[in-house]
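> sequence-free structure coming up:
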C-alpha cells in the first residue's frame, strides 16, 4: 500500500527549529513534485513550500528565509526544515506528493496524515 508518513512535529518555543520528514512507502516508480501544506485552526489549508523533481523550490512569502524544503530521491523522502519559528506557524502540517506507482501510469496526488506543530510565544 502506497502512503506518505510524516514525522518530526512537536512543540517548540518561538525562535526554535523543527525538521519535518515525509517518507513515501510502498511500490513507487517515481515522485514528481513534493509539497508541504499547513492548516491552522479556523483557517484554510495553505501551501507552504514545494520542491520539483529537478530540485527547484518555491515558498510562501510568510516562510521565505526561514523554511527550507528538500528531498532525498534515493530514500523517497521529503523534508521541511523550519527555523526561527513564530507562534503564527502553529498548524497541522501535511505532506503532499505526486507519485507514479506503476509503469505507464499517471502521477496521482497522495497526502500524509498530518503532523502538529505548535510554537509557543
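Perfect, thanks for sending it. A quick note: this is a predicted structure, and the numbers were derived from the prediction, not measured.

> so what does the helix or strand containing residue 22 touch, helix or strand wise?
Following DSSP states H and E, one finds residue 22 within strand 18-25. Contact here means 3 or more CB pairs under 8 Å, 6 or more residues apart in numbering; DSSP states H and E; on that basis strand 18-25 packs against strand 3-7, strand 30-39, strand 77-82, strand 91-100, strand 115-120. The C-beta positions use only the backbone N, C-alpha and C, and glycine is treated the same way.

> buried sites along that strand?
If you call a residue buried by 16 or more other CB atoms under 10 Å, then strand 18-25 has these buried ones: 18, 20, 21, 22, 23, 24.

> mind listing residues that contact it?
2-10, 12, 31, 34, 36, 75-82, 85, 93, 95, 97, 99, 110, 112, 115, 117 (CB atoms under 8 Å, 6 or more residues apart in numbering).

> can you do 7 Å?
Contacts to strand 18-25, defined as CB atoms under 7 Å, 6 or more residues apart in numbering, come from residues 3-10, 12, 31, 34, 36, 76-82, 85, 93, 95, 97, 99, 112, 115, 117.

> with that, I have no additional questions.
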